[in-house]
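Asker: okay, here's the prediction I keep looking at, along with the sequence it came from:
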Amino acid sequence: MPSRPLVIGIVLAVVAIALVRNGSSGYALSVWSLAMVTGGLGMSLSLLVTHAGMPSLAQAAFYGTGGYAVGVLAVRTSQDNLWVGLLVAAVVAGVLALALGAVSLRTRGIYFQIITLSFTAMIWGLAVKWRSLTGGDDGLVGIYPPSLSPLPGYLVSPQDVFLCSAIALLVICLLVRTVRHSTFGHVLVGIRDSESRMAALGYRTTAYRLGAFVIAGVLAAIPGALLTYQLQFSSPAQLNFVVSIQALLVVVLGAGTLMGPALAGIGVVWLQELLQRHTSHWLLVLGGIYIAVALLNPPVLAQRVRRRLAPSRGRHDAPEGSLEVVS
Amino acid sequence: MIGTGQHTAALEAHSVSVRLGGVQILHDLSISIDRGERRAIVGPNGAGKTTMFNVLGGGLRPDSGRVSLNGRDVTRWNVSRRASAGLARTFQVTNLMHTMSVVDNVVLALAASRPRVRRDVIRPLRSRSLDGSAAELLERWGLGDRGKAPVEALSYGERRELELVLAVAGSPDVLMLDEPAAGLSPAETARVCELIERLPRNTSIVLIEHDLDMALALSDTVTVMAEGTIRGTGRADDPGVSALVKEVYLGTEPVQEETHA
């Protein structure tokens, strides 16, 4: 039995998707599509940062790997089916996450951040140097709209591209929610709260952290692949460590709430778009806004708002996540 | 008599030595806890009591020596593997899943021993069977009305009680309690003592405690530690034990060796 907030949330999301799809210009739809993808990237990382307390900087590696997986598939093998592409992207990113996670999860805190950042830089370097596979700095061009078979047609119109990205974001949100509420998700939160206690209860904490790392990697590969289909282009920029930092920022803006990162991802893309339209100093303004947000400490702010809204209900409303680990 | 009996001990350390940062913390230490035995470990700060706990629990690998649990060599096992094999512990500093509710803490403790539940990525944590057991456990331990409260809303005494509940949730063979009454008021201490006394008799208990009266009241045997070694082990009512305790705490002259017997 789905709970009422869940049903309301899905209904609202479907209405929003329908409104945007039918009421936006082609250009606006391309921005919306990027917003969906960024939301998905943020949601994937939130599983690690917010719920498992692992401030990974490797998320761009999985996002970009998903993008290159479908790019290589389309250009080098002429495989143009969307579903095959998404599946391959997920599997390749999952295997990569297993390998990188097995090494990086030996570390904690700032060392974990350094090692995940280094891995991202290595994967980026590999993409730049391995020209025969990735096209190097030039990226992969000539990625045609994928076929939707067994559904009819191709993923080509801005409306369809947006719809597909929006559905992907919705599915990622539902998956993250399911995992968070599952026993596995609670074990992750338990490890975030007290790894020594969870180990003393008999939980193999490293295995759980690795599991979370792989799930997050797989979930990042889907928006990554969709970005490649949107742009019809794969480039090393998608693997850049700056993407990892942007993903972390989206999670922080998500204020430690379950669905916050999805909304924050959408907000960040649109904020950037609007600033770019109005000023050539948009990076300066954006940076200022981010600093202001960081000073406001979104998780604490969200908790205060929540308490203000429901002071007397006395339900147990522990914050979904505390983000001190990020700092 | 330490560790030389024909029967297998529940928990045993044999000639364990630990050096940390160039300092000898434990020196050729051997200890053996029988099945169902209740053993108190007393000794001044810096005696190595908590270090010994970490070696027994698997958090610290000794430089030399062996640890066995129910007759199996577990020296190379990590904390979670030893826990799964029946060794539970509480911590000197309260150590709970502090952002969760009381009942979620207990359900996680129960799920740990259920392989199918603990790895479930799909179904919600709270299921009917575990919820029932958790409620029953909390009821039995006097926290029945606190289940829905967040851990952060518990009093310090209640948190120490919840620590005990989590440790016993998996019905361990051996329970290690590191100063369960640290920082508690006399009334709360009495309550924790009562809870420990009510634990099943077939559970072995190893208890670190500074309060000698409490240690003697809760245990059958007392081990006195100082400077990384065991100075003696005797029955709780043995007058030699009190003399030895006085010696290690106050530094008076050595007492007779018969407390070793």
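Answerer: Perfect, thanks for sending it. The structure presented is a predicted model; accordingly, all values stated were derived computationally and were not measured. Numbers count the residues shown, from 1 in each chain, chains lettered A, B, ... in the order given.
Asker: quick one: low-confidence parts of the chain?
Answerer: Just going to use chain A. A:1, A:310-327 (pLDDT under 70).
Asker: wait, I meant chain B there
Answerer: Residues of chain B meeting the criterion pLDDT under 70: B:1-7, B:252-261.
Asker: so which residue is dead centre in the chain?
Answerer: Reading this off chain A. The residue lying closest to the centre of chain A (Cα atoms, centre = their mean) is residue A:41, at 1.3 Å.
Asker: nope, chain B
Answerer: Central residue of chain B (Cα atoms, centre = their mean): residue B:176, 1.2 Å from the mean position.
Asker: list the contacts for the residue nearest to the centre of chain A?
Answerer: Neighbouring residues of residue A:41 by Cβ atoms under 8 Å, 6 or more residues apart in numbering or on different chains: A:59, A:63, A:220, A:223-224, A:243, A:247, A:250, A:265. For glycine as for every other residue, the C-beta is placed from the backbone atoms N, C-alpha and C.
Asker: next one: residue B:35
Answerer: B:7, B:9-10, B:173, B:202, B:204.
Asker: phi first, then psi, for it.
Answerer: phi -60, psi 130 (degrees, to the nearest 10).
Asker: what do you get for the one 3 residues further on?
Answerer: Note on residue B:38: its backbone torsions stand at phi -120, psi 110 [degrees, to the nearest 10].
Asker: wait, doesn't it sit right on residue B:202?
Answerer: No - look at residue B:38 against residue B:202 with Cβ atoms under 8 Å: they stay out of range, at 11.3 Å.
Asker: more neighbours: which of those two?
Answerer: A direct count of neighbours by other Cβ atoms under 10 Å in any protein chain shown for residue B:38 and residue B:202 places residue B:38 higher, at 22 against 10.
Asker: hey, what's the more buried one bridged with?
Answerer: Listed beta-bridge partners, residue B:38: residue B:205 (assigned using DSSP bridges).
Asker: and it, how far from residue B:200?
Answerer: Note on residue B:38: its distance to residue B:200, by Cβ to Cβ, to the nearest Å, is 11 Å.
Asker: equivalent analysis for residue B:126, please.
Answerer: 27 Å.
Asker: repeat for residue B:74
Answerer: 22 Å.
Asker: higher neighbour count, these two?
Answerer: residue B:74 (21 against 10).
Asker: so the more buried one makes contact with residue B:84?
Answerer: No - applying Cβ under 8 Å, one finds residue B:74 not in contact with residue B:84, separated by 10.8 Å.
Asker: ranges for the helices of the stretch 151-261 of chain B?
Answerer: For the stretch 151-261 of chain B, the helices defined by DSSP state H, counting those that start in this stretch occupy B:156-169, B:186-197, B:212-218, B:239-250.
Asker: nope, the stretch 1-150 of chain B is what I meant
Answerer: B:49-57, B:79-84, B:102-111, B:115-118, B:128-140.
Asker: which residues are contacting the fourth one?
Answerer: Applying Cβ under 8 Å, 6+ apart, the contact partners of helix B:115-118 are A:183-184, A:187, A:203, B:111-112, B:127, B:130.
Asker: of all pairs in those residues, which one is the farthest apart?
Answerer: Farthest-apart pair in these is A:203 and B:127; separation 17.6 Å (Cβ to Cβ).
Asker: so for the two, which sits in the more crowded spot?
Answerer: Using other Cβ under 10 Å as the criterion, residue A:203 and residue B:127 rank with residue A:203 on top: 24 against 14.
Asker: for the more buried one, give me its contacts.
Answerer: Residues near residue A:203 by Cβ under 8 Å, 6+ apart: A:187, A:190-191, B:80, B:112, B:118.
Asker: just the buried residues of these.
Answerer: The neighbour-count criterion (16 or more other Cβ atoms under 10 Å in any protein chain shown) marks A:187, A:190-191, B:80, B:112, B:118 among these as buried.
Asker: ok, those vs residue B:100, which is closest?
Answerer: The nearest member of these to residue B:100, counting by Cβ to Cβ, is residue A:190 at 7.2 Å.
Asker: in three-state terms, label that closest one for me.
Answerer: When classified by DSSP: H, G, I helix; E, B strand; the rest coil, residue A:190 comes out as helix.
Asker: that one reaches residue A:200, doesn't it?
Answerer: No - using Cβ under 8 Å, residue A:190 is not in contact with residue A:200; the gap is 11.1 Å.
Asker: measure residue B:78 to residue A:300 for me?
Answerer: Counting by Cβ to Cβ - residue B:78 and residue A:300 are separated by 35 Å.
Asker: then residue B:45?
Answerer: Using Cβ to Cβ, one obtains 37 Å as the distance from residue B:45 to residue A:300.
Asker: okay, those two: which has more neighbours?
Answerer: Set side by side, residue B:45 and residue A:300 show more neighbours around residue A:300, with 15 against 8, by other Cβ under 10 Å.
Asker: residue A:226 touches residue A:166, doesn't it?
Answerer: No - using Cβ under 8 Å, residue A:226 is not in contact with residue A:166, being 10.2 Å away.
Asker: what residues does the stretch 151-300 of chain A have near chain B?
Answerer: Neighbours of chain B within the stretch 151-300 of chain A, by Cβ under 8 Å from any Cβ of the partner chain: A:178-179, A:181-187, A:189-190, A:192-194, A:196-205, A:211, A:215.
Asker: please check those and keep the buried ones.
Answerer: Buried, going by 16+ other Cβ under 10 Å: A:179, A:181-187, A:189-190, A:192-194, A:197-205, A:211, A:215, out of those.
Asker: can you pull the phi/psi pair for residue B:97?
Answerer: phi -80, psi 90.
Asker: nope, residue A:211 is what I meant
Answerer: Note on residue A:211: backbone dihedrals following degrees, to the nearest 10 are phi -60, psi -40.
Asker: chain neighbours aside, what residue packs nearest to it?
Answerer: Nearest residue to residue A:211, sequence neighbours excluded (Cβ to Cβ, 6 or more residues apart in numbering or on different chains): residue A:184, at 6.9 Å.
Asker: surely that neighbour and residue B:123 touch.
Answerer: No - in this structure, residue A:184 is not within contact of residue B:123 by Cβ under 8 Å, at 9.5 Å.
Asker: list the buried ones in the host helix or strand of residue A:64?
Answerer: If you go by DSSP states H and E, residue A:64 is part of helix A:59-76. Going by neighbour count (16+ other Cβ under 10 Å), the buried part of helix A:59-76 is A:59-75.
Asker: could you point out the helix or strand that follows that helix?
Answerer: Next in sequence after helix A:59-76, counting helices and strands by DSSP H and E, comes helix A:82-104.
Asker: kindly export that next one (C-alpha atoms) in CSV.
Answerer: Output in CSV follows, covering the C-alpha atoms of helix A:82-104 (Å, rounded to 0.1, in the frame of the first residue of the first chain):
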residue,chain,number,x,y,z
LEU,A,82,17.8,3.3,-25.8
TRP,A,83,17.1,0.4,-23.4
VAL,A,84,20.2,-1.5,-24.3
GLY,A,85,22.2,1.7,-23.9
LEU,A,86,20.8,2.4,-20.4
LEU,A,87,21.4,-1.2,-19.4
VAL,A,88,25.0,-1.2,-20.6
ALA,A,89,25.7,2.2,-19.0
ALA,A,90,24.3,0.9,-15.7
VAL,A,91,26.4,-2.3,-15.8
VAL,A,92,29.6,-0.6,-16.8
ALA,A,93,29.2,2.0,-14.1
GLY,A,94,28.3,-0.6,-11.5
VAL,A,95,31.4,-2.7,-12.3
LEU,A,96,33.6,0.5,-12.1
ALA,A,97,32.0,1.5,-8.8
LEU,A,98,32.7,-2.0,-7.4
ALA,A,99,36.4,-1.6,-8.3
LEU,A,100,36.8,2.0,-7.2
GLY,A,101,34.7,1.4,-4.1
ALA,A,102,36.8,-1.6,-3.0
VAL,A,103,39.8,0.6,-2.8
SER,A,104,38.4,4.0,-1.7
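Asker: what does that helix contact?
Answerer: With Cβ under 8 Å, 6+ apart, helix A:82-104 has contacts from A:56, A:58, A:61-62, A:65-67, A:69-70, A:73-74, A:79, A:112, A:115-116, A:119, A:123, A:146-149, A:155, A:164, A:209-210, A:213-214, A:216-218, A:220-222, A:224-226, A:229.
Asker: if anything else comes up later, I'll come back, but that's it for now.
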